[in-house]
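[1] Predicted model and sequence below, questions to follow.
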Amino acid sequence: MARFTLPRDLYHGKGVMAEVLSALKGKKAMIVTGGHSMRAGGFLGKAEEALKKAGMEVYILDGVEPDPSVTTVMKGAKAMLEFGPDWIVAMGGGSPIDAAKAMWAFYEYPDVTFESLCIPFNFPELRKKAHFVAIPSTSGTATEVTAFSVITDYDKGIKYPLADFNITPDIGIIDYELVESLPVKQVAYTGLDALTHAIEAYVSTAACNFTDGLALHAIKLIFANLKASYDGDMNARAVMHDAQCLAGMAFSNALLGIVHSMAHKSGAVFKQDGKTVHIVHGCANAMYLTKVIQYNAKDGRAMKRYGEIADLLGMKGSDEEKVAQLIDAIAKLRASVNVPTCIKDYDDGHGGKISEEEFLSKLEKMADDAIGDACTGSNPRIPTHEEMVALYKACYYDTEADF
């Protein structure tokens, strides 16, 4: 039986956040957010004021780090148990919203284990204690409309995608004001993350009539608006905020593929001088997408579907020719927003690089872990260990691989 699940309500437009939050009914609200950007931009204050206007006591849990950890989730759940909110309001990038989703499960079921939540679609029934509002400040993850959360176990160096329709938010607020001051690097990474979501959803083995239109329209909007958004066009940035949400609606129901499997298992595994060199999720997806398309296109159904995406973008020729044109168009879009082509060229922004020696030392385990990732099952092709190794190598060196 197929299922299509979205938040009960989606509000979108410039400045809609305060109006929506001030109309909520409840006694206590906990805001979960990340670093200083929501506070510095005045959005955290606006959210707190709106919730107090609704008559609620407000607790702010901030400081959720990028790529949130199991430790952060458990600390947040403890704070929720002590405060007892009936609304959880998560705002910021994908990290605080993802973390808040996991906290929510432990708040409602303190005895549940993280290991059990890692089993896809194994969450207990939520909403016994609280409902959930998500307010994204980036235009990529679409976690405000999805049944997913990604939590990192730093001891193991693995990102775990948690999946269950229970953690689809009750309310999503797509407020364009929150992305107007987004740094251009984040515009690029998150925009290409959204493109990956839409493309993987369209070729997924779980795609259906309910998801196809969402995925295709998101792809069309992203190709038309990402570069302009990167260059500072605020109308294009607003469209990108809509587009990433449409992509999220598609992939939350159609699922994803091995671009995400590979990104999950390589994002936090590398180290330099004892410190983790994070591959930002959207950047990893952007670097891996073209290689995965080459691999998947050997499947007849996937090639046809990639050809349909190419048709939408005005490309002509045989399916093989259109797939090649699509790969070239993605590569050109990636270059236009200054995103690296391959892992070898990646820099984490703090001087962190991934050496060939470090990459090769982690390669075999990464390949096995990626094959076991929850996103692999809906990919058009299920790779062997040797094929996954070849894919990772192609993504490190930017070389062609014989799949």
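    All right, it came through fine.
[2] Within the helices and strands, which one has the residue nearest the centre of the chain?
    Central residue of the chain (CA atoms, centre = their mean): Thr141, 3.1 Å from the mean position. Following DSSP states H and E, there is no helix or strand that holds Thr141.
[3] What values do phi and psi take at it?
    Here is the backbone geometry of Thr141 (degrees, to the nearest 10): phi -70, psi -30.
[4] Need the pLDDT of the nearest residue in space to it that is not next to it in sequence.
    Nearest in space to Thr141, with sequence neighbours left out and distances taken as CB to CB, 6 or more residues apart in numbering, is Gly94 at 3.1 Å. Bear in mind the C-beta positions are built from the backbone N, C-alpha and C, glycine included. On the pLDDT scale, Gly94 is placed at 92.
[5] Quick check, Gly94 in contact with Thr146.
    No. Judged on CB atoms under 8 Å, Gly94 makes no contact with Thr146 at a distance of 9.5 Å.
[6] Contacts only, for Lys53.
    Applying CB atoms under 8 Å, 6 or more residues apart in numbering to Lys53 gives the contacts Ser22.
[7] What does it show for phi and psi?
    phi -60, psi -30.
[8] distance of it from Ala134?
    Look at Lys53 and Ala134: by CB to CB, to the nearest Å, they are 20 Å apart.
[9] swap in Gly93?
    Counting by CB to CB, the gap from Gly93 to Ala134 is 11 Å.
[10] of these two, who's got more company?
    Ala134 (30 against 25; other CB atoms under 10 Å).
[11] What's the local residue count around Cys118?
    Cys118 - counted by other CB under 10 Å - has 16 other residues nearby.
[12] For it, which non-adjacent residue is closest in space?
    Using CB to CB, 6+ apart and skipping residues adjacent in sequence, the residue nearest Cys118 is Tyr160, 5.2 Å away.
[13] what distance separates whichever strand or helix holds the one you found from the middle of the whole chain?
    Counting by DSSP H and E, the element that carries Tyr160 is strand 158-163. How far strand 158-163 lies from its chain's middle: 11 Å, per CA atoms, centre = their mean, to the nearest Å.
[14] What lies in contact with it?
    Residues outside strand 158-163 that contact it (CB under 8 Å, 6+ apart) are 67, 101-102, 114, 117-118, 120-121, 123, 147-153, 260, 263-265, 267-269, 369, 373-375.
[15] Could you write me a PyMOL select line covering just the buried ones among those residues?
    Entered in PyMOL, the line below selects the buried ones among the contacts of strand 158-163, by 16 or more other CB atoms under 10 Å:
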select buried, resi 67+101+102+114+117+118+120+123+147+148+149+150+151+152+260+263+264+265+267+268+269+369+373+374+375
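[16] Show only the entries of the contacts of strand 158-163 found in strands.
    Phe148, Ser149, Val150, Ile151, Thr152, Asp153 (DSSP state E).
[17] show me the contacts for the fifth one.
    This means Thr152. Here Thr152 is in contact with Asp67, Pro68, Ser69, Val70, Ile158, Lys159, Tyr160, Gly267, Ala268 (criterion: CB under 8 Å, 6+ apart).
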